[in-house]
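K.L.:
Sequence plus predicted model, see below.
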Amino acid sequence: MTPFPVLFVCLGNICRSPLAEGIFRDMAIQNDREHDYPTDSAGTGGWHIGYPPDARSVQVAREHGIDISDLRARRIEASDFDRFELILAMDRSNLRHLQDMAPRQTAATLALFSAYALGQDIDIPDPYYGGIEGFRDVYSMLFSGCRSLVTKFEAERASWSGNTSSVR
């Protein structure tokens, strides 16, 4: 299978997008698909470049058996629009920034995370200025969305290979 790289994007790349990256990567590994669905995260802003994820994101991920402490914030680059098939923004503001930054001819699909993953036109709220419970709420939203993404990708993969029958 040709890899289908996915990029998760939020504002500073320290709260939502590294958490989404960690969740999605963990699911891909559990399904033995980490090479099929390479993933990364980035921010539309550059304030936190090189910094680890927010300690609360790290804590919430760890509560679910996921280690994101080695991730480092980066800003989205022009090359990302060629490297990734799917670029998912955590909120409408970041989606607008991505759309403004994208070259006219890009192979990447740009979408709002919740709309693409869950069919819900809602923002994933930025938990930065709140407490740990906000990060837990965001984790739940991201987990549901990432689970839906994996299910969609696997269904598409099965249809590409002609394995669409559930009859045994």
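P.N.:
Looks like it came in fine. Residues are numbered from 1 along each chain as shown.
K.L.:
quick one, helices of the protein?
P.N.:
16-30, 55-63, 80-83, 92-101, 113-118, 132-160 (DSSP state H).
K.L.:
Go through those helices and find the least confident stretch.
P.N.:
When these are compared on mean pLDDT, helix 132-160 scores lowest, with a mean of 93.
K.L.:
Which strands and helices lie in contact with that helix?
P.N.:
Contacts defined by 3 or more Cβ pairs under 8 Å, 6 or more residues apart in numbering; DSSP states H and E place helix 132-160 against helix 16-30, helix 55-63, helix 113-118. (Glycine included, C-beta is placed from N, CA and C.)
K.L.:
That helix relative to helix 16-30, how many degrees between them?
P.N.:
Interaxial angle, helix 132-160 versus helix 16-30 (axes from the mean of the first three to the mean of the last three Cα atoms, to 10 degrees): 50 degrees.
K.L.:
Surely Ala28 and Leu149 touch.
P.N.:
No - judged on Cβ atoms under 8 Å, Ala28 makes no contact with Leu149 at a distance of 9.6 Å.
K.L.:
Neighbour count: those two, which is higher?
P.N.:
Between Ala28 and Leu149, counting by other Cβ atoms under 10 Å, Leu149 is the more crowded of the two (24 against 21).
K.L.:
which residues does that one contact?
P.N.:
Leu149 sits next to Val6, Phe24, Tyr116, Ala117 when contact means Cβ atoms under 8 Å, 6 or more residues apart in numbering.
K.L.:
From Tyr116, how far out is the second one?
P.N.:
In other words, Phe24. Noted for Phe24: a distance of 12 Å to Tyr116, by Cβ to Cβ, to the nearest Å.
K.L.:
which one of the two has more residues nearby?
P.N.:
Per other Cβ under 10 Å, whichever of Phe24 and Tyr116 has more neighbours is Phe24, with 25 against 19.
K.L.:
quick one, what contacts Tyr139?
P.N.:
Leu19, Ile23, Val60, Ala61, His64.
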